[in-house]
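Engineer: With the input below, show me the fold.
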Amino acid sequence: MACEGEKTLIEILEESTPIDLTKYMNFVHSPQSGAIATFSGTTRDTFEGKTVVELRYEAYVPMAMRQIKSICTSARSLWHLDSIAVSHRLGPVAVGETSVFIAISAVHRADALDACKYVIDEIKASVPIWKKEVYSNGEVWKENLEFLERRSEFGTAEDGGESCSDKLKVDAQNIKRCCRSKVKVSHEEGPLHVVMDDECIDGNK
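Structural biologist: Modelled structure (predicted):
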């Protein structure tokens, strides 16, 4: 699934679709940009002494697209940016392969670098994409450190506040149904480009 806006490209890729780094670099490249900052998240081979076989990602796609678009909009309000490209894979991602890629261009390097860090930090903290680490001797679902920190900032319901986990709680069956149906359509009919409007982000569409 893809969302293309003015100087912004957001894609959540179906299973087994690798991230084409050249595509996103070409998208953000422009004559007026003096800097391009990138972040590439790859699967490493070990974690706390355990051998990692692969990572597996699932997402609530409509909400993830909406949230990433909001993050990109916020980044533009904070820094002077030219173009933004964000791509995230779903499904299994083997050791050494890229699961998430961000490229941001700007006139000045400070804007591009700061915005790139902001975008990946916010994606890790607030976008409904879940990761399972598969080891040689087992597997476990993992929460990002940034998400845990954000949840602690919201506080807990017992303290009289609204917990972050309550905000992001979504029926598991709806999540899987949404992800699988939209991912399969993209796979069968080629890359799916979607205009990010109310119909695009409505899980019932």
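Engineer: CA atoms for contacts and neighbours, from now on please.
Structural biologist: OK.
Engineer: mind checking which helix or strand the closest residue to His29 other than its chain neighbours is in?
Structural biologist: Among residues not flanking His29 along the chain, Ser105 sits closest, at 6.8 Å (Cα to Cα, 6 or more residues apart in numbering). Counting by DSSP states H and E, the element that carries Ser105 is strand 98-106.
Engineer: That strand pairs with which strands, parallel or anti?
Structural biologist: Using DSSP bridges, strand 98-106 pairs in its sheet with strand 35-42 (antiparallel), strand 83-89 (antiparallel).
Engineer: Identify whichever of those lies nearest to Glu54.
Structural biologist: strand 35-42 (10.3 Å; Cα to Cα).
Engineer: Identify all contacting residues around that closest one.
Structural biologist: Identification of contacts with strand 35-42 by Cα atoms under 8 Å, 6 or more residues apart in numbering yields 28-29, 95-109, 112-113, 116-117, 120.
Engineer: Any of those buried? List them.
Structural biologist: 28-29, 97-107, 109, 112-113, 116, 120 (16 or more other Cα atoms under 10 Å).
Engineer: what about the closest residue to Thr98 other than its chain neighbours, how many neighbours?
Structural biologist: Nearest non-adjacent residue to Thr98, counting by Cα to Cα, 6+ apart: Thr42, 4.3 Å away. By other Cα atoms under 10 Å, 16 other residues sit near Thr42.
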